[in-house]
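# Based on what follows, work out the 3D shape:
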Amino acid sequence: MPVPVINPKLEMAQEAATVVEWLKREGERVEKGEPLLTVETDKVTVEVESPASGVLAGVRAVPGQVVPVTEVIAYILQPGEELSESASQQIGRLADLPLPLSSAPATPVAQRLAAAAGVDLSAVQGTGLGGRVTKVDVMAAAAPPPGKVRATPAARRSAREQEVDLQTIAGSGPRGRVQAADVATVALTPGPSPEIGRGETVALTPGPSPDIGRGETVALTPGPSPEIGRGETVVVPLAGMRRTIAERMTASYREAPHITFTVRVDMSGFERVRAQFNARAEAAGVPRASVTALIVKAVAWALKRHPYLNSTLRGEEIHLLPEVNVGVAVALEEGLIVPVVREADRKGVAEITAGVHDLTVRAREGQLGPADVAGGTFTVSNLGPFGIEQFTAIINPPQAAILAVGATQREAMVDEEGQVVVRPVMRMTLSADHRIVDGAIAARFLADLREALEAPALILW
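Residues are numbered from 1 along each chain as shown. Below you'll find the predicted structure:
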């Protein structure tokens, strides 16, 4: 009996998912549990496994098509088995269906990996349906030849400018790839710039671009940014993750009255403690403590002291949430994703560091699952690695607040004895839902958080 392949429901509120790519072709043999296709929800891209062993048949969803959850999108047949006449009449064969006009020659996952790895998609032979370049194709093309260091384009450019030998750098990126932050760490001399540790989000150079002639209008799917010349118009569909971000942020800014607060933090004590943690991490051979990881720990500590910042509004009720699950915003080519560090208040710095590093790497590789991005109760967005001094973030619904973290820079300030001194200073801005959080509550939360960052030993209190 034919076994239906059903578009999965991965999240409670999910109504549909976009088919990204089929990993098997019509008529091809597939084993139970083997990856069959990739689908994209409004948060993550995941692989769907085959529900049975047999032959893939009756494919009815093309890449780029939005399909309601629980809908049958194909069948698995046993050798010699055929679809019933009624099923055949309802199913359009993939080969007979045109691809959407917005389809790209590479899948979104492949585009993201190509941009991160510096792979020229035009030089990659696609093995997916219709010759599409898939994740597997990019990973194969990204493998460096013998003697060549795996590094991002930004890292190579920075290495040339700083006259740093890439061969001497241990990469912190996926599969040991050297990133711009790694080059900056090696090239950094004692001075005002903060060190960027593993797990931080760094800027990536956009990937390959199509050749666009003057006066042409080109439709693209979200992915690596194209190079646009004078007089050219490039149309990028507001779809997938980008569309979800637009809808959620618009709704949040419209429905939740935002109130914002900014404080300056003397990071001298923070830097001393982080240096101690990193010395221990290097001795143990584990990821070094990033700024974001330590801030997550301090935020979790402060949230336990101020539960209204760790709450959500449901109808006419404010729910103070029992778990402290801190989301960490990670920038991708096609948008922003917020993987979650669960029960951050119960974890030590080493465990949080490992968790943030793992989530960040998997987010950039498109390997996050629905559980990795669900259940957040508060969000931290750190744009310090981009050199942003201060910014205001929009609350990630249904949360009550979000913390925007800027870069640490050397600034002149007056110490306790009235002397002008130069200290490392970081600015952070809290955006809170004024329906839930009053100004005094938000101010007390920020005061405690600043104190914890300036004197990290307080977290043990």
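# Asn382 is in contact with Val291, isn't it?
Yes. Using Cβ atoms under 8 Å, Asn382 is in contact with Val291, at 6.7 Å. Placement of C-beta: from N, CA and C, glycine included.
# Can you list the buried residues in stretch 243-256?
244-245, 249, 252, 256 (16 or more other Cβ atoms under 10 Å).
# Can I get the residues you listed in JSON lines including pLDDT, distance to Arg150 and secondary structure?
Shown next, in JSON lines, are those (pLDDT from 0 to 100; distance: Cβ to Cβ, whole Å; DSSP: H, G, I helix; E, B strand; the rest coil):
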{"residue": "Thr244", "pLDDT": "75", "distance to Arg150": "32", "secondary structure": "helix"}
{"residue": "Ile245", "pLDDT": "79", "distance to Arg150": "30", "secondary structure": "helix"}
{"residue": "Met249", "pLDDT": "88", "distance to Arg150": "35", "secondary structure": "helix"}
{"residue": "Ser252", "pLDDT": "90", "distance to Arg150": "38", "secondary structure": "helix"}
{"residue": "Ala256", "pLDDT": "93", "distance to Arg150": "43", "secondary structure": "coil"}
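# Among the residues you listed, which pair sits farthest apart?
Pairwise distances across the buried residues of stretch 243-256 peak at 17.3 Å for Thr244 and Ala256 (criterion: Cβ to Cβ).
# Distance of Trp22 relative to Thr41?
Applying Cβ to Cβ, to the nearest Å, the value for Trp22 to Thr41 is 17 Å.
# residue ranges for the helices of the protein, please.
85-90, 108-117, 135-142, 153-162, 180-187, 240-255, 268-284, 291-305, 349-364, 370-373, 439-454 (DSSP state H).
# Deepest-packed of the ones you listed, please.
The highest average neighbour count among the helices of the chain, using mean count of other Cβ atoms under 10 Å, belongs to helix 108-117 at a mean of 26.
# which stretches of the stretch 1-150 of the chain form strands?
3-6, 16-22, 29-30, 35-40, 45-49, 54-57, 66-68, 72-77 (DSSP state E, counting those that start in this stretch).
# Same list (those strands) but as TSV, adding mean pLDDT, distance to Val296 and mean neighbour count.
Listed next are the strands of the stretch 1-150 of the chain as TSV, based on pLDDT from 0 to 100; distance: least, Cβ to Cβ, whole Å; neighbours: other Cβ atoms under 10 Å:
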stretch	mean pLDDT	distance to Val296	mean neighbour count
strand 3-6	90	37	18
strand 16-22	84	30	23
strand 29-30	91	41	16
strand 35-40	86	27	22
strand 45-49	84	24	20
strand 54-57	91	43	20
strand 66-68	85	34	15
strand 72-77	91	39	22
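# Of all these, which one is nearest Leu460?
Nearest to Leu460, of all the strands of the stretch 1-150 of the chain, is strand 45-49, at 39.3 Å by Cβ to Cβ.
# Strand partners (parallel or antiparallel) of that closest one?
Strand 45-49 sits in its sheet next to strand 35-40 (antiparallel), going by DSSP bridges.
# just how off-centre is the strand it pairs with within its chain?
Distance of strand 35-40 from its chain centroid, counting by Cα atoms, centre = their mean, to the nearest Å, is 19 Å.
# ok and that strand relative to helix 240-255, angle-wise?
30 degrees (axes from the mean of the first three to the mean of the last three Cα atoms, to 10 degrees).
# Run the angle between strand 35-40 and strand 72-77 for me.
Using the same axes, to 10 degrees: strand 35-40 against strand 72-77 is 180 degrees.
# i'd like the first residue to be 729 from this point on
In the new count, where the first residue is 729, that last one comes out as strand 763-768.
# Determine the angle, from 0 to 180 degrees, between strand 763-768 and helix 863-870.
Using the same axes, to 10 degrees: strand 763-768 against helix 863-870 is 90 degrees.
# Using CSV, write out every CA atom in strand 763-768.
Provided in CSV are the C-alpha atoms of strand 763-768 (Å, rounded to 0.1, in the frame of the first residue of the first chain):
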residue,chain,number,x,y,z
PRO,A,763,16.6,12.5,4.2
LEU,A,764,13.9,13.0,1.5
LEU,A,765,13.4,16.7,1.1
THR,A,766,14.1,20.0,2.8
VAL,A,767,11.4,22.4,4.0
GLU,A,768,11.5,25.9,5.4
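# And the contacts of it?
Residues outside strand 763-768 that contact it (Cβ atoms under 8 Å, 6 or more residues apart in numbering) are 733, 735-736, 745-752, 758, 773-778, 784, 795, 801-802, 835-837, 863, 968-969.
# partners of Glu1045 in the sheet?
Bridge pairing for Glu1045 - DSSP bridges - gives Arg1042.
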